[in-house]
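Participant: Build the 3D model from these lines:
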Amino acid sequence: NNSIGRDVSQRITLDHGDSRISRENHCTVTYDPVTRKFYLQHGEGNQLTWLDGQPVLAPTLVAAGNQIRVGDTVLRFVPLCGKDFDWTGP
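Facilitator: Model (predicted):
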């Protein structure tokens, strides 16, 4: 689980002046090593998380190139593993 927020305690820290991003656990990106897929889910923040213009209200599959919006910040999802490669082996 990779929590996203403004605080340095987060796995993915987005502390660049966007105060609409929650300090801790705005949202979470989770990798499933069995299916080699990623999921995005809303965290504990007051602001919604958006995936390609749609609110994330339940764990949602996320793929390469998808846009994730947290606060006023838009991110492009770039996975470093997937169906053809995983850091744990074949």
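Participant: Distance of the residue nearest the centre of the chain relative to residue 6?
Facilitator: Among the residues of the chain, the one closest to the centroid is residue 29, at 3.8 Å (CA atoms, centre = their mean). Residue 29 is 16 Å from residue 6, where distance means CB to CB, to the nearest Å. For every residue, glycine as well, the C-beta is placed using N, CA and C.
Participant: Correct me if wrong: the residue nearest to the centre of the chain contacts residue 38.
Facilitator: Yes - Residue 29 sits in contact with residue 38 when judged by CB atoms under 8 Å, with a separation of 6.0 Å.
Participant: Which residues are in contact with each of the two?
Facilitator: Jointly contacting residue 29 and residue 38 under the rule CB atoms under 8 Å, 6 or more residues apart in numbering are 62, 77.
Participant: And residue 84, what's its pLDDT?
Facilitator: With respect to pLDDT, residue 84 scores 77.
Participant: Please give me every residue in contact with it.
Facilitator: By CB under 8 Å, 6+ apart, the contact set of residue 84 is empty.
Participant: for residue 83, same thing?
Facilitator: Taking CB under 8 Å, 6+ apart as the test, what residue 83 contacts is residue 36.
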